[in-house]
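Engineer: I would like to see how this sequence folds:
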Amino acid sequence: MTREERFEAVAREVIEPVRRFLARRSDPDTADDVLSETLLVLWRRLDDVPEHAVPWAYGVARGCLQNAQRSRRRQDRVTAKLAAQPVDPPRGDPDPRLAEAMDRLPDRDRELLRLWAWEQLTPAEIAAVLDTTSNAISIRLHRAKGKLVEQLRKSEPAAGHGGAEGRHR
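Structural biologist: Below is the predicted model of the structure:
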């Protein structure tokens, strides 16, 4: 039996029991997502699946469901924190050089910088918003800041033009 045939046989055995298992423990959308994740784990760990796969699949589904629930709670905490933040009125017109420099950045860098600067989120909070690790966010944020600084330097008037002679920043 090929790997694909074995997986199809295991999937036929477990899909309905696992679907019912998840439906009793979560909402329909979460159950569908977790069922997909469970099948992915079954495929990846097919060599570990015992002959009677349903109890083993329940264990996998249970772990996937717990991960989904933790993720949902993190998202809810960040959403609540953002909703509780006071809305500051705009403070005049932003520096047009900054707006232009931001516009030249890739979308993902702009969003990262906005979450950090405008929303004043920590890397851990940004990680929850973007569903990634705080370490990855710290690295991306450092790089995005560097790109922004580089874009701002490119927009500075050249020395000797417009009265900027002899001034260095």
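Engineer: Please make it C-alpha for all contacts and neighbour counts, starting now.
Structural biologist: OK.
Engineer: The worst-scoring helix or strand of the chain on mean pLDDT: what's the following helix or strand?
Structural biologist: Lowest mean confidence among the helices and strands of the chain (mean pLDDT, DSSP states H and E): helix 96-103, at a mean of 85. With elements assigned by DSSP states H and E, the helix or strand that comes after helix 96-103 is helix 107-117.
Engineer: For that following helix, give the mean pLDDT please.
Structural biologist: Helix 107-117 carries an average pLDDT of 89.
Engineer: what's the answer for stretch 67-75, then?
Structural biologist: 91.
Engineer: Counting neighbours, which bits of it end up buried?
Structural biologist: 68, 74, 75 (16 or more other C-alpha atoms under 10 Å).
Engineer: Out of those residues, list just those in helices.
Structural biologist: With DSSP state H as the criterion, helices contain 68, 74, 75 from among the buried residues of stretch 67-75.
Engineer: For these, could you give me JSON lines that also reports distance to residue 44?
Structural biologist: Formatted as JSON lines, those follow (distance: C-alpha to C-alpha, whole Å):
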{"residue": "68", "distance to residue 44": "19"}
{"residue": "74", "distance to residue 44": "27"}
{"residue": "75", "distance to residue 44": "27"}
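Engineer: just curious, which of the residues you listed is nearest to residue 12?
Structural biologist: residue 68 (23.7 Å; C-alpha to C-alpha).
Engineer: Wait, that closest one touches residue 34, no?
Structural biologist: Yes: contact status for residue 68 versus residue 34: in contact at 7.4 Å, counting by C-alpha atoms under 8 Å.
Engineer: What segments of this protein are helices?
Structural biologist: Under DSSP H, the chain gives helices at 3-23, 28-44, 53-84, 96-103, 107-117, 123-130, 134-155.
Engineer: right, so those: which one is the most enclosed?
Structural biologist: helix 123-130 (a mean of 19; mean count of other C-alpha atoms under 10 Å).
Engineer: I would like the residues contacting that one, please.
Structural biologist: 74, 75, 78, 112, 115, 116, 133, 134, 135, 136, 137, 138 (C-alpha atoms under 8 Å, 6 or more residues apart in numbering).
Engineer: Just name the closest of these to residue 61, please.
Structural biologist: Distances from residue 61 to the contacts of helix 123-130, taken by C-alpha to C-alpha, are shortest for residue 74, at 19.9 Å.
Engineer: List the contacts of the closest one.
Structural biologist: residue 128.
Engineer: what's the answer for the one 4 residues further on, then?
Structural biologist: When contacts are counted by C-alpha under 8 Å, 6+ apart, residue 78 is found next to 125, 128, 129.
Engineer: quick one on the thing from earlier: so what touches the least confident helix or strand of the chain?
Structural biologist: 110, 148, 151, 152, 155.
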